[in-house]
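A.B. asks: Coordinates only, no sequence provided:
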């Protein structure tokens with residue numbers, strides 16, 4: 001979610017937003033609690049679960065996540081190897097808790113992924129599993145898929161394999177906490193080297209990402225609070241450690257993809273390169289907003305140059321989603337397909353690092369570990385390959401619809417006390433780019449204002465990339481309606 005909601009109880013307006021967000025679950029028919037057969041099966045599996053060999057609990061793994069997270073999918077331990085490095089990346093061993101063909105298997109296929117709204121979530125797995133037995137908590141031995149990835153001095157991968165093992169994290173760190181420890185140089189000795197090497201490896205992986213033409217959308221986190229009777233929006237820029245951490249996850253996803261390609265069985269996360277029309281339209285928008293994307297500069301490099309504290313450049317970062325379309329899942333068995341590239345990563349890539357929150361990762365981890373061990377890939381994993389793209393597409397669409405509704409609700413709250421005010425706005429998209437405009441509907445464009453930095457619909461056929469003066473006519477939390485009109489249109493109406 002681009003917004004997190006600070007729930008400070010009190011006023012009627014706050015309660016109205018809370019009710020509107022809670023209503024999303026009913027409106028979108030999100031799954032409720034898990035049925036008793038699912039919970040009974042999970043309890044039985046947890047009660048009889050055995051930790052695997054080898055025992056790697058002597059390695060000081062550490063988790064780095066948002067501070068409130070309890071579903072901890074990943075833990076890392078980094079070390080030097082000559083002039084290069086070894087990345088030990090432990091991923092929660094969800095497959096060992098899910099009986100193929102069982103009640104939980106069926107329920108997770110129905111859900112597809114954890115769905116988030118500000119202040120709430122609908123989990124893929126019961127909390128006894130996702131925030132309990134399978135989560136990589138500190139000081140608790142846990143079953144995990146442990147990737148061992150060897151890198152050269154430049155951070156490029158030399159080899160990779162994965163196996164099940166028992167691990168034990170020595171610390172649960174939040175992003176700000178880990179960043180502060182790194183900056184101050186006062187991390188405990190157990191994981192001080194891992195934090196130091198995370199910066200070193202992460203920085204080198206960013207250089208490699210730039211060299212291969214990869215791109216990352218660095219949209220700042222936004223927190224909604226309540227101050228002096230009004231909703232307010234606060235930005236939390238991404239910390240360097242979050243970027244370094246993401247590079248380790250990307251590295252693992254790329255390693256998983258290559259293991260499956262070499263083994264000729266698996267499922268990749270693929271995305272075509274941006275088409276020429278989308279690139280040209282985005283280039284024109286960058287010129288209009290005063291930050292031209294110059295020829296010869298890879299789009300990933302351009303996106304990294306944007307200052308998201310600048311409203312116009314933040315709008316360009318959001319608009320870059322037009323270049324990241326067509327992502328899907330490509331399964332294969334026996335023959336590797338031609339289109340194996342994920343264009344934003346600029347390499348073959350697979351989802352493999354978030355099995356507690358995303359269904360497909362469970363199958364990728366199972367397939368990769370079997371291929372690395374030289375054993376047969378389980379039949380239940382192979383047989384699921386054909387249906388996984390449809391399951392994930394449906395859950396992604398639902399998650400996107402819920403997220404869009406949540407954003408509209410929060411932005412209506414942020415603008416609620418600004419009704420009647422005028423703003424300078426950047427036009428993000430005209431009617432032709434807005435899928436919501438039907439043949440019978442009045443033309444509407446998408447705009448973004450600077451303060452608060454939110455977007456909304458504005459009546460009229462406006463030119464993308466231009467600056468217009470608009471007036472806010474409505475901001476209704478319950479209906480998540482935000483309505484702007486160009487000031488020029490109001491002047492013309494009065495004149496008539």
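C.D. replies: Received it, and whenever you're ready, just let me know what you need. Computed from a predicted structure; not experimentally measured.
A.B. asks: What segments of the chain are helices?
C.D. replies: With helices called from DSSP state H, the chain shows them at 12-27, 36-47, 103-111, 127-128, 175-184, 189-212, 240-263, 276-288, 299-304, 311-319, 359-373, 379-384, 388-415, 487-495.
A.B. asks: Any buried residues in the second one, and which?
C.D. replies: When neighbours are counted by 16 or more other CB atoms under 10 Å, the buried residues of helix 36-47 are found to be 38, 39, 41, 42, 45. Where you see a C-beta, it was placed from the backbone N, CA and C, and this is true even at glycine.
A.B. asks: so which of the residues you listed comes closest to residue 423?
C.D. replies: Residue 423 lies nearest to residue 38 out of the buried residues of helix 36-47, by CB to CB, at 48.8 Å.
A.B. asks: ok, now which ones touch that closest one?
C.D. replies: Counting by CB atoms under 8 Å, 6 or more residues apart in numbering, residue 38 touches 103, 104, 107, 126.
A.B. asks: returning to that earlier point: for residue 461, which of the helices of the chain is the nearest?
C.D. replies: Between residue 461 and these, the tightest spacing by CB to CB is seen for helix 487-495, at 11.0 Å.
A.B. asks: Any chance of TSV for the buried residues of helix 36-47, columns distance to residue 383 and pLDDT?
C.D. replies: Output for the buried residues of helix 36-47, formatted as TSV (distance: CB to CB, whole Å; pLDDT from 0 to 100):
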residue	distance to residue 383	pLDDT
38	21	98
39	26	98
41	20	98
42	23	98
45	21	98
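A.B. asks: and stretch 83-98, how far out from the chain's middle?
C.D. replies: Relative to the chain's own centre, stretch 83-98 is displaced by 19 Å; criterion: CA atoms, centre = their mean, to the nearest Å.
A.B. asks: Kindly apply the preceding question to stretch 309-320 instead.
C.D. replies: 18 Å.
A.B. asks: just checking, residue 410 touches residue 24?
C.D. replies: No: Residue 410 is beyond contact range of residue 24, at 11.1 Å (criterion: CB atoms under 8 Å).
A.B. asks: of the two, who's got more company?
C.D. replies: When neighbours are counted by other CB atoms under 10 Å, residue 410 comes out ahead of the other of residue 410 and residue 24, with 27 against 21.
A.B. asks: Look at residue 204 and report its pLDDT.
C.D. replies: As predicted, residue 204 sits at a pLDDT of 98.
A.B. asks: That one reaches residue 197, doesn't it?
C.D. replies: No: assessed by CB under 8 Å, residue 204 is found out of contact with residue 197, at 10.3 Å.
A.B. asks: Quick one: residues contacting the nearest residue to residue 41 once chain neighbours are set aside.
C.D. replies: Distances taken as CB to CB, 6 or more residues apart in numbering place residue 103 nearest to residue 41, at 4.8 Å, with adjacent residues excluded. Contact analysis of residue 103 by CB under 8 Å, 6+ apart lists 35, 37, 38, 40, 41.
A.B. asks: Excluding sequence neighbours, find me the nearest residue to the third one.
C.D. replies: Setting aside the residues directly before and after it, residue 38 is nearest to residue 103 in space (CB to CB, 6+ apart), at 4.6 Å.
A.B. asks: for residue 214, same thing?
C.D. replies: residue 346 (4.1 Å).
A.B. asks: Kindly indicate which of the contacts of residue 38 lies nearest residue 483.
C.D. replies: residue 107 (40.3 Å).
A.B. asks: burial count for that closest one?
C.D. replies: 20.
A.B. asks: surely it meets residue 36?
C.D. replies: No: between residue 107 and residue 36 no contact is recorded; they are 11.7 Å apart, counting by CB under 8 Å.
A.B. asks: a markdown table for the helices of the chain, including distance to residue 65?
C.D. replies: Output for the helices of the chain, formatted as a markdown table (distance: least, CB to CB, whole Å):
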| stretch | distance to residue 65 |
| --- | --- |
| helix 12-27 | 23 |
| helix 36-47 | 22 |
| helix 103-111 | 21 |
| helix 127-128 | 16 |
| helix 175-184 | 7 |
| helix 189-212 | 14 |
| helix 240-263 | 9 |
| helix 276-288 | 32 |
| helix 299-304 | 23 |
| helix 311-319 | 23 |
| helix 359-373 | 16 |
| helix 379-384 | 27 |
| helix 388-415 | 19 |
| helix 487-495 | 45 |
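A.B. asks: hmm, back to that, next, find the distance separating the residue nearest to residue 41 from residue 34.
C.D. replies: 9 Å (CB to CB, to the nearest Å).
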